[in-house]
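Peer 1: Fold the following, please.
(chains A and B)
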Amino acid sequence: MAIGWAEIFCQFLVGISRSMILFIVCAGLSFILGVLRVPNIAHGSLYMIGAFATFSISKMIGGTYGFWVALALAPLLVVVVSLIAERLLFCHLYQREHLMLILFTFSVSLILGDLVKIVWGAEYRSVSPPEILKGSISLLGASVPRYNLFLIIIGPLVGIALWLFTTRTKIGKISRAAAVDREMVGVLGINVSWVFSFAFLVGCYLAGIGGALVAPTVSITLGMDHTLIIEAFLIVIIGGLGNMWGALVGSLIFGVTHSFGVLFWPQFAIVFPYMSVVIVLLLRPRGLLKSVW
Amino acid sequence: MKLFRMKSFLPFLPILAVLFIIFPEGVQAQRPIKIGILDPYTGPPAVYAQDALNGFKLALNEINKTGVLGSKIEFTTRDTKFKVDIGLSMAKELVMMEKVDLLVGTINSAVSLAVSDYARGEKIPFIVWISKSEKITGEKGHRYVFSTAENTYMAGKAGGIALSKKPFIKYWIAGDDYEYGHAIADGIWRNLKALKPEVQLIGQSWWKVGEPDLVPYLTSILAAKPDAVIVCGGGATMTNSLKACKATGFHEKVAVYMHTATDHAVLKPLGREAPEGIMGTMDYHFYYPDTPANRAFVKAFQDAYGNPPGFPAFHGYITAHFIAKAYQKAGVIDKEKFIDALEGMVIDSPVGKVEMRACDHQAVLPIFLGVTKKVPQYDFVISSDIVTFSGKDIMPSCEEIKRIRGGR
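Peer 2: Numbers count the residues shown, from 1 in each chain, chains lettered A, B, ... in the order given. Coordinates of the predicted model:
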């Protein structure tokens, strides 16, 4: 079968757009990992809550603005949920060993999963993209869905915003410092508990944005949390734990190898992203970029 | 004191004796029939499992009003989590600890095949109500397994016949990478190739179950320029596929056939946004056939659960009726007699008479071929221009079953 440059280009764009959602979610996961040292398995559940909330809000508002309002509000709802979880549970457990934290966050993910089932039910849900982003446009002879192009634009914007936050704001700088040496930050008289809480919410907010952005491209179902969280951890690991740019590189590798795998060898497409993970880890066991651990 | 008590009890003895004579069955204390149900009640397939259970419960409410063999049918459920190992251990628990009289379930073909194997060893009847692998009552069929669901052979033959009448030559097959996806693809392709030998399979794509974003798959299929694409998936994948079709304009560029694309559970979430013109086959629609029996079932279901029944509800409903009627015919709670009674049994269902074929224990069910279309009366897309394939025409013959089972 002849594959033209147009198809390759189109597949590349589609791969990048998927990477952008992965990047936004993984940046949040990586940020929490870096600052709090918590491998938060419940991150996927927050992403799922973001998607379900987007469905409810956009349905409630309806019309052309429904999705945009949902995109703004759904991540905030996720922040509220994570604030409750953080103050009630997480904040008491930051100093525990990692195995304990994995078990704990896993159980939180199961609880949140069941809560989603109670609130939204087991039915599949779907959100339509806003009118302006419906359908596809022709780029160099290949058709690319408009919504995927929108994702390619919004991904870097979120990345830049996060970069500005961590490098230009005081609280962002403190968070980064806490990631490197939390005792030192405490010694300087900064309320570390408060910094941790804030950093946790920032990470969860990103999970919420990821959920809201993915909503128009997939059917929103129970179990979408588990599908995502495995990929997200792999990406964070190959990128370098706690490194935001690592999350970006990891997401791009994951998304693009997947979409090219689909194009060139569709029967075995599932294998490609995982193969790339194996290759990266063989060559650089501590991840591509510098880990903060 | 002791004597006094005895005396006061004496007058009741004749009353008891009379009761014994009037209600002999009640006094023999026929125990309730116990059914163990295995299905995933968590995760994406829960929507189907819950629907089947609701259909089953609706039928049981009717059945238990009069009772079966002087007692009731009771059930207990176990969550398989869509996993073979968990499903199998739950089946063992139901048989050994709960001492159920028969097993019912499940949506996952791999789980059903594993439980079926176990049921054969334990000599306990197992009725499969949603799984669609043709191996269940075909190659891997045996005395203890029954199916009240349509299977991939039937869907494949219906799809093959339907596609053979279309002008397409170059095909691409895509789907969920699991037992059901491959089984449905094999079924359709085998039948299509037999009916129209000039068709070509130019490529295949298989994605993992639950793959969220199918856009990269569809764009890469478009690059190969097939005439038609056969999508073989289940559940949430179907909604995802339709959504990706709409986003990429896929269905406007190539013809798309998906078994179960016309399923209401798949189309409803998309509302009026679902793509039109997709060919699909389905074994039950709440709006078709528009007969009094189907309308009555839909109304009862809607009143009880607030939404119309999906295809699993239909299968759950007929399963309960098959079970009740078979026990009534058998006359006792006995596994072997239950199986003998169920073989060849015919019941009235919302889609007309349904027979449990004796030779392979497969329910003879019709399949409806349609095309997705918007209609003014619903705020969701439905299947239209429906063509009905009767069960007899799309099932393997009893001789064929005997042959694939190696003469058993």
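
Peer 1: Quick check: residues of the stretch 1-150 of chain B near chain A?
Peer 2: B:42-44, B:46-47, B:50 (Cβ under 8 Å from any Cβ of the partner chain). Using the backbone N, CA and C atoms, a C-beta is placed for each residue, glycine as well.

Peer 1: With just CA atoms, put the host helix or strand of A:Leu71 into PDB.
Peer 2: Using DSSP states H and E, A:Leu71 maps to helix A:66-88. Written as PDB, here are the backbone C-alpha positions of helix A:66-88 (Å, rounded to 0.1, in the frame of the first residue of the first chain):
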ATOM      1  CA  GLY A  66     -21.700  24.700  26.900                       C
ATOM      2  CA  PHE A  67     -18.300  23.100  26.200                       C
ATOM      3  CA  TRP A  68     -16.300  26.200  26.900                       C
ATOM      4  CA  VAL A  69     -18.000  26.800  30.200                       C
ATOM      5  CA  ALA A  70     -17.400  23.200  31.100                       C
ATOM      6  CA  LEU A  71     -13.800  23.400  30.100                       C
ATOM      7  CA  ALA A  72     -13.400  26.300  32.600                       C
ATOM      8  CA  LEU A  73     -15.500  24.800  35.400                       C
ATOM      9  CA  ALA A  74     -14.900  21.000  35.300                       C
ATOM     10  CA  PRO A  75     -11.200  21.300  36.300                       C
ATOM     11  CA  LEU A  76     -12.300  23.500  39.200                       C
ATOM     12  CA  LEU A  77     -14.700  20.900  40.400                       C
ATOM     13  CA  VAL A  78     -11.800  18.400  40.300                       C
ATOM     14  CA  VAL A  79      -9.800  20.800  42.400                       C
ATOM     15  CA  VAL A  80     -12.600  20.900  45.000                       C
ATOM     16  CA  VAL A  81     -12.700  17.100  45.100                       C
ATOM     17  CA  SER A  82      -9.000  16.900  45.500                       C
ATOM     18  CA  LEU A  83      -8.900  19.600  48.100                       C
ATOM     19  CA  ILE A  84     -11.300  17.500  50.200                       C
ATOM     20  CA  ALA A  85      -9.200  14.400  49.600                       C
ATOM     21  CA  GLU A  86      -6.000  16.300  50.400                       C
ATOM     22  CA  ARG A  87      -7.100  17.800  53.700                       C
ATOM     23  CA  LEU A  88      -8.900  14.700  54.900                       C
END
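
Peer 1: and the most centrally placed residue in chain B, what is it in contact with?
Peer 2: With distances taken as Cα atoms, centre = their mean, chain B has B:Ile130 as the residue nearest its mean C-alpha position (2.6 Å). By Cβ atoms under 8 Å, 6 or more residues apart in numbering or on different chains, the contact set of B:Ile130 is B:39, B:48-49, B:52, B:105-107, B:149, B:312, B:315.

Peer 1: Just the buried positions in the helix holding A:Leu71, please.
Peer 2: A:66-67, A:69-71, A:73-75, A:77-79, A:81-82, A:85-86 (16 or more other Cβ atoms under 10 Å in any protein chain shown).

Peer 1: follow-up on the earlier one: quick one: the residue nearest to the centre of chain B is in a strand?
Peer 2: No: counting by DSSP: H, G, I helix; E, B strand; the rest coil, B:Ile130 is located in no strand; its state is coil.

Peer 1: And it, how far from B:Gly156?
Peer 2: 17 Å (Cβ to Cβ, to the nearest Å).

Peer 1: Can you give me the buried ones in the strand or helix carrying A:Phe254?
Peer 2: Secondary-structure assignment from DSSP H and E places A:Phe254 in helix A:244-264. Using 16+ other Cβ under 10 Å as the test for burial, helix A:244-264 gives A:244-263.

Peer 1: check these against chain B, which are close?
Peer 2: A:258-259, A:262-263.

Peer 1: Can I get those residues in JSON lines including pLDDT and distance to B:Val266?
Peer 2: Shown next, in JSON lines, are those (pLDDT from 0 to 100; distance: Cβ to Cβ, whole Å):
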{"residue": "A:His258", "pLDDT": "89", "distance to B:Val266": "24"}
{"residue": "A:Ser259", "pLDDT": "88", "distance to B:Val266": "25"}
{"residue": "A:Val262", "pLDDT": "86", "distance to B:Val266": "22"}
{"residue": "A:Leu263", "pLDDT": "84", "distance to B:Val266": "26"}
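
Peer 1: so who does the closest residue to B:Lys140 other than its chain neighbours touch?
Peer 2: Closest residue to B:Lys140 apart from its sequence neighbours, by Cβ to Cβ, 6 or more residues apart in numbering or on different chains: B:Leu113 at 5.9 Å. Contact analysis of B:Leu113 by Cβ under 8 Å, 6+ apart lists B:133, B:135-136, B:140, B:179.

Peer 1: Neighbour count added to these, as CSV?
Peer 2: Shown next, in CSV, are the contacts of B:Leu113 (neighbours: other Cβ atoms under 10 Å in any protein chain shown):
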residue, neighbour count
B:Ser133, 28
B:Lys135, 19
B:Ile136, 27
B:Lys140, 17
B:Glu179, 20
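
Peer 1: So of those, which two are at opposite extremes in space?
Peer 2: B:Lys140 and B:Glu179 (11.4 Å; Cβ to Cβ).

Peer 1: Flag every buried residue along the strand or helix carrying B:Asp393.
Peer 2: Assigned by DSSP H and E, B:Asp393 falls within helix B:391-394. Using 16+ other Cβ under 10 Å as the test for burial, helix B:391-394 gives B:391, B:394.

Peer 1: any idea of the mean pLDDT for it?
Peer 2: Taken as a whole, helix B:391-394 carries a mean pLDDT of 90.

Peer 1: So what touches that helix?
Peer 2: B:150, B:153-154, B:157-158, B:161, B:355, B:363-367.

Peer 1: From one end of stretch A:116-132 to the other, what's the distance?
Peer 2: Counting by Cα to Cα, to the nearest Å, you get 30 Å between the two ends of stretch A:116-132.

Peer 1: burial count for the nearest residue to B:Lys374 once chain neighbours are set aside?
Peer 2: Leaving aside its chain neighbours, B:Lys374 sits nearest to B:Val381 (5.5 Å; criterion: Cβ to Cβ, 6+ apart). Close neighbours of B:Val381, defined as other Cβ atoms under 10 Å in any protein chain shown, add up to 25.

Peer 1: My guess is B:Val381 contacts B:Leu267. True?
Peer 2: Yes: contact status for B:Val381 versus B:Leu267: in contact at 5.0 Å, counting by Cβ atoms under 8 Å.

Peer 1: shared neighbours of the two, anything?
Peer 2: Here B:Val381 and B:Leu267 have B:274, B:372 as joint contacts, going by Cβ under 8 Å, 6+ apart.

Peer 1: got any ranges where the stretch 1-150 of chain A has weak pLDDT?
Peer 2: Confidence mapping of the stretch 1-150 of chain A against pLDDT under 70 gives the ranges A:1-3.

Peer 1: Can you name the residues of it that neighbour chain B?
Peer 2: So the stretch 1-150 of chain A meets chain B at A:1, A:3-4, A:7, A:10-11, A:14-15, A:17-18, A:113-114, A:117, A:122-126, A:128-129, A:134-136, A:142-145, A:147-148 (Cβ under 8 Å from any Cβ).

Peer 1: Just the ones in strands from these, please.
Peer 2: A:136, A:142-145 (DSSP state E).

Peer 1: Just the CA atoms of the helix holding B:Asp393, as CSV, please.
Peer 2: Only the C-alpha atoms of helix B:391-394 are listed here, as CSV (Å, rounded to 0.1, in the frame of the first residue of the first chain):
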residue,chain,number,x,y,z
GLY,B,391,-32.4,-17.4,13.0
LYS,B,392,-32.7,-20.5,11.0
ASP,B,393,-31.1,-18.9,7.9
ILE,B,394,-28.0,-17.7,9.6
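
Peer 1: neighbour-wise, which of the ones in strands among the residues of the stretch 1-150 of chain A next to chain B leads?
Peer 2: Counting neighbours by other Cβ under 10 Å, A:Pro145 comes out on top of these with 29 neighbours.

Peer 1: Please name the nearest non-neighbouring residue to that residue.
Peer 2: That would be B:Ala247: by Cβ to Cβ, 6+ apart, it lies 4.0 Å from A:Pro145.
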